[in-house]
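[1] Quick one, what's the 3D model for this:
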Amino acid sequence: MYMNVKDFKAALKEVWQHGELVSWPYRNIIFGKEVLDRYYSDFKMAINEACTGQSQINIGPTGILRSFDILVKAMKYRTKDENRALVSNVLVLLSKLKKSDILNLSGGNIIYESEIVASSYQTAKETSSDIVHRIIALLKSYAELIYFRSYEISQEIHGPYKLDSSKLIVWHYRNLRPEKLIDADFLLPFNSVLIELFYNSSVDIKLDLYNHVYQIGQNLKDNFSIGSVFIDQKLTSIEDLKELEALLISKIYKLYTRCKQLNDTEYIQAYINTLWYKLSLISPATNPYQLSNHDSVMISDSKDLIKIDHRILNLLF
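    Coordinates of the predicted model:
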């Protein structure tokens with residue numbers, strides 16, 4: 001497992017090198033020791049339960065991995081041995097959630113069995129490339145507005161899965177209706193959208209540890225072949241997609257208006273609620289976090305404050 005821990009640090013550095021921690025459109029929240037320590041403890045408990053099979057995970061592997069944006073900051077209050085044990089448990093859990101290459105070192109996020117890929121190809125049909133790719137962009141925006149920086153609670157991108165004449169990329173959006181966080185009027189009337197798209201085999205597609213899609217030279221939209229879109233596991237028609245696009249636009253507008261109206265205290269609490277909601281999807285036993293007067297939390301418009309010195313990773317685990 002030691003080698004995997006080394007690989008994990010290398011994969012994190014690669015993600016952060018591309019600006020993951022400094023390229024966020026919303027205002028930044030900086031946590032103090034109290035909040036970070038509680039997040040570390042609750043994350044550790046959730047991962048331990050998931051590793052022993054005592055909880056049913058309702059989030060993709062990327063949702064677990066992206067927690068390290070915050071965990072790395074919490075690790076400085078823990079011992080190196082404790083941090084390394086936590087990372088090792090995360091890697092064990094990832095090995096259960098993925099079929100191969102748990103750190104995406106080959107540029108793939110592989111979750112499907114080959115039999116599922118073959119079945120998906122049989123289900124796929126010709127559809128409008130424009131509308132399915134617009135819906136992907138709208139779903140990402142929707143997820144960002146309900147989960148802020150933690151949009152991975154909803155979005156999991158996986159693949160590429162290679163067939164003889166094409167490559168499959170899957171966009172899975174789950175947890176689209178978190179009524180524990182937001183009033184139902186702002187939310188979509190369903191919980192999941194699964195989008196399976198087949199592209200020309202010549203397309204060069206890679207996914208990094210944090211689910212960023214990299215394509216080299218060729219536009220995905222122009223190289224789309226066939227695909228399927230499922231809403232709550234029901235296969236959609238082109239008419240369904242048009243309705244979905246219009247519904248997403250209306251919900252995004254309402255959510256954006258709501259987000260802009262939050263004051264600083266409401267914004268901080270909403271974001272903290274989101275972080276602990278994610279932990280509850282790993283372990284339902286997780287309790288929400290309620291801010292108290294002694295908790296150190298601040299909001300800043302300075303993106304420099306959330307940079308992490310990559311050299312400290314070797315000191316942390």
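[2] does the spatially closest residue to His172 that is not a sequence neighbour count as helix, strand or coil?
    For His172, ignoring the flanking residues on the chain, the nearest one in space by Cβ to Cβ, 6 or more residues apart in numbering is Glu156 at 4.6 Å. To be clear about C-beta, it is placed using only N, CA and C from the backbone, and glycine gets the same treatment. What DSSP: H, G, I helix; E, B strand; the rest coil gives for Glu156 is strand.
[3] try the one 4 residues further on
    Here Pro160 is strand, with the state taken from three-state DSSP.
[4] number of nearby residues for it?
    Residues within reach of Pro160, counting by other Cβ atoms under 10 Å, total 23.
[5] Would you confirm that Asp204 contacts Gln215?
    Yes - counting by Cβ atoms under 8 Å, Gln215 is a contact partner of Asp204 at 6.4 Å.
[6] Could you pull up the mean pLDDT of the longest helix along the chain?
    When the chain is parsed with DSSP state H, its longest helix is helix 238-260. Mean pLDDT, computed over helix 238-260, is 93.
[7] for that helix, packing partners?
    Packing contacts for helix 238-260, counted by 3 or more Cβ pairs under 8 Å, 6 or more residues apart in numbering; DSSP states H and E, involve helix 129-147, strand 224-231.
[8] After it, heading C-terminal, what element do we hit next?
    Downstream of helix 238-260, the next assigned helix or strand under DSSP states H and E is helix 264-282.
[9] Check which helices and strands the one helix or strand Val72 maps to is in contact with.
    Assigned by DSSP H and E, Val72 falls within helix 68-74. When contacts are defined as 3+ Cβ pairs under 8 Å, 6+ apart, helix 68-74 sits against helix 33-51.
[10] What residues sit buried inside the helix it packs on?
    35-36, 38-40, 42-51 (16 or more other Cβ atoms under 10 Å).
[11] for stretch 200-213, same thing?
    Within stretch 200-213, the residues that count as buried by 16+ other Cβ under 10 Å are Val203, Ile205, Lys206, Leu207, Asp208, Leu209, Tyr210, Asn211, Val213.
[12] can I get the residues you listed in CSV with pLDDT, secondary structure and distance to Ser141?
    Below are the buried residues of stretch 200-213 laid out as CSV (pLDDT from 0 to 100; DSSP: H, G, I helix; E, B strand; the rest coil; distance: Cβ to Cβ, whole Å):
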residue, pLDDT, secondary structure, distance to Ser141
Val203, 87, coil, 24
Ile205, 87, strand, 22
Lys206, 90, strand, 23
Leu207, 92, strand, 20
Asp208, 89, coil, 21
Leu209, 88, coil, 23
Tyr210, 87, coil, 18
Asn211, 88, coil, 16
Val213, 86, strand, 16
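[13] Now these in CSV, please, with extra columns for distance to Glu126.
    Below are the buried residues of stretch 200-213 laid out as CSV (distance: Cβ to Cβ, whole Å):
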residue, distance to Glu126
Val203, 17
Ile205, 20
Lys206, 26
Leu207, 25
Asp208, 30
Leu209, 33
Tyr210, 32
Asn211, 27
Val213, 22
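[14] Which one of the residues you listed is nearest to Ile135?
    Proximity of these to Ile135 (Cβ to Cβ) peaks at Val213, which lies at 15.4 Å.
[15] State the pair within the buried residues of helix 33-51 that is farthest apart.
    So, the buried residues of helix 33-51 by Cβ to Cβ: farthest apart are Val35 and Cys51, at 24.4 Å.
[16] on that earlier part again, could you list every helix and strand in contact with the following helix or strand past the helix holding Val72?
    On the C-terminal side of helix 68-74, the nearest following helix or strand under DSSP H and E is helix 80-97. Where contact means 3+ Cβ pairs under 8 Å, 6+ apart, helix 80-97 is packed against helix 2-17, helix 33-51, helix 61-65, helix 313-316.
[17] again, 7 Å this time
    Here helix 80-97 touches helix 2-17, helix 33-51, helix 61-65, going by 3 or more Cβ pairs under 7 Å, 6 or more residues apart in numbering; DSSP states H and E.
[18] between those helices, which gets nearest to Lys76?
    Closest approach to Lys76 among the helices and strands packed on helix 80-97 (Cβ to Cβ): helix 33-51, 8.6 Å.
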